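Novice: 3D model of this:
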Amino acid sequence: MTALPRTTPPFVAAIIAAIAAALLGASTALHAANPAASYPMRPVRVISGSPGSTADITARFIGQKLSERFKQQFVIDNRASGGGIVGAEIVANAPPDGHTLYVTGVNTQVSAPLLFKKVPFDPLKDFAPISLITNSGLLVVVIPSLGVNNMKEFVAYARSRPHGLYYASASAGTSSHLTGELLAQMLGLTFIHVPYKGAGFTLTALMTGEVQAAFLSTTTTSGQIRAGKLKAIALLNDKRFPGAPDIQTALEQGFKGLESYVWFGLYAPGKTPRTIIEKVNREVGSVLKLPETRDAMLAQGAEVVYTTPEEFDRLDRKSTRLNSSHTDISRMPSSA
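Specialist: Predicted structure coming up:
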């Protein structure tokens, strides 16, 4: 506040100070009654997965668009360790004021609590769902030099390996890990799991020949497939994916029941005021409904999905109740 002139009478200074205090009190009361009115008051931290992962690609796209709409920075904070558990713990313990958000998916919210005896968060109580964002298919991917072109050849190659086929995952307990275990079990194959610290490291391991295969999302692999650095053997879905229409499904190739889905959404800490949740949801919805957003995400191998917080919460709770593999619980509607 500008200093008062030395000649200001004491009673005038007192009146001005009282008015200032009243205005400050009114502003504080207004914020308490509707915290969304002044949101965001500072840059927003968006926790996501490892650089290059589906969560990271999704977070960066949405973060940029929200920065433009809110006229405030949405800063991406990559947390690659623990299959998303480290990032989830940060969000669970963050102040519930909307200035820490979280882009994650089925790995952290559903798979981790089912796979590990103890995780440092409650997937239902510690997070407030804002909206689903994307749905991606999972691919069986190999390097071109492996010399296999379809699922039949891939299975034959795996069976020819005397000690098993090495496959990479983004971390233990992630979709890329569990899908490999599912396929090995269903097809009677021997797979050797090699976990890495994020999808980016998984891609590197695959392209340098450290492993023979990986089971990664259409979002994570789209650039490398277009560049010819990776070959997609099959899409693990019941129908072809809009972002990769030329890739045959495993079902089309005669392999039934090999289906795996990955969804990603936006969360806030569990006790974040409802008005802030709704404000962010409205802006996310406006972004996701733009044709340019759908086109951009499809080019990245992802299908846009928008939901209300209530719809997302119901999916979260339904998924958590189902004590089964992520391939069953990660199915989601395309409502955008």
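Novice: quick check: domain ranges of this protein?
Specialist: 38-136+261-329, 137-235 (automatic domain parsing).
Novice: any idea which of the ones you listed gets closest to Gln253?
Specialist: domain 137-235 (4.5 Å; Cβ to Cβ). C-betas here are computed from N, CA, C, even on glycine.
Novice: the helix or strand hosting Ile225: which residues count as buried?
Specialist: For Ile225, the element it lies in under DSSP states H and E is helix 218-226. Across helix 218-226, burial judged by 16 or more other Cβ atoms under 10 Å covers 218-225.
Novice: show me what contacts Phe74?
Specialist: 43-44, 46, 62-64, 66-67, 101 (Cβ atoms under 8 Å, 6 or more residues apart in numbering).
Novice: would you mind checking those residues for buried ones?
Specialist: Judged by 16+ other Cβ under 10 Å, buried ones among these: 44, 46, 62-63, 66-67, 101.
Novice: in JSON lines: those residues, plus secondary structure and distance to Ser260.
Specialist: As requested, the buried ones among the contacts of Phe74 are arranged in JSON lines below (DSSP: H, G, I helix; E, B strand; the rest coil; distance: Cβ to Cβ, whole Å):
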{"residue": "Val44", "secondary structure": "strand", "distance to Ser260": "32"}
{"residue": "Val46", "secondary structure": "strand", "distance to Ser260": "26"}
{"residue": "Ile62", "secondary structure": "helix", "distance to Ser260": "23"}
{"residue": "Gly63", "secondary structure": "helix", "distance to Ser260": "27"}
{"residue": "Leu66", "secondary structure": "helix", "distance to Ser260": "29"}
{"residue": "Ser67", "secondary structure": "helix", "distance to Ser260": "33"}
{"residue": "Leu101", "secondary structure": "strand", "distance to Ser260": "26"}
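Novice: SS state for Leu132?
Specialist: strand (DSSP: H, G, I helix; E, B strand; the rest coil).
Novice: can you check Val86 too?
Specialist: Once three-state DSSP is applied, Val86 turns out helix.
Novice: still on that earlier bit, mind giving me the packing neighbours of the helix holding Ile225?
Specialist: helix 54-70, strand 127-142, helix 199-207, strand 231-235 (3 or more Cβ pairs under 8 Å, 6 or more residues apart in numbering; DSSP states H and E).
Novice: show me where pLDDT drops low in the stretch 101-250 of the chain?
Specialist: 106-117 (pLDDT under 70).
Novice: did I read that right, Tyr166 in a strand?
Specialist: Yes. Applying three-state DSSP, one finds Tyr166 inside a strand.
Novice: count the neighbours of it for me.
Specialist: 18 (other Cβ atoms under 10 Å).
Novice: tell me if I'm right that Thr221 and Leu203 touch.
Specialist: Yes. Contact criterion Cβ atoms under 8 Å: Thr221 and Leu203 qualify, at 7.3 Å.
Novice: okay, strands next: where are they in the stretch 201-336 of the chain?
Specialist: 213-217, 231-235, 261-269, 303-304 (DSSP state E, counting those that start in this stretch).
Novice: and for the stretch 1-150 of the chain?
Specialist: 44-48, 74-78, 100-105, 127-142.
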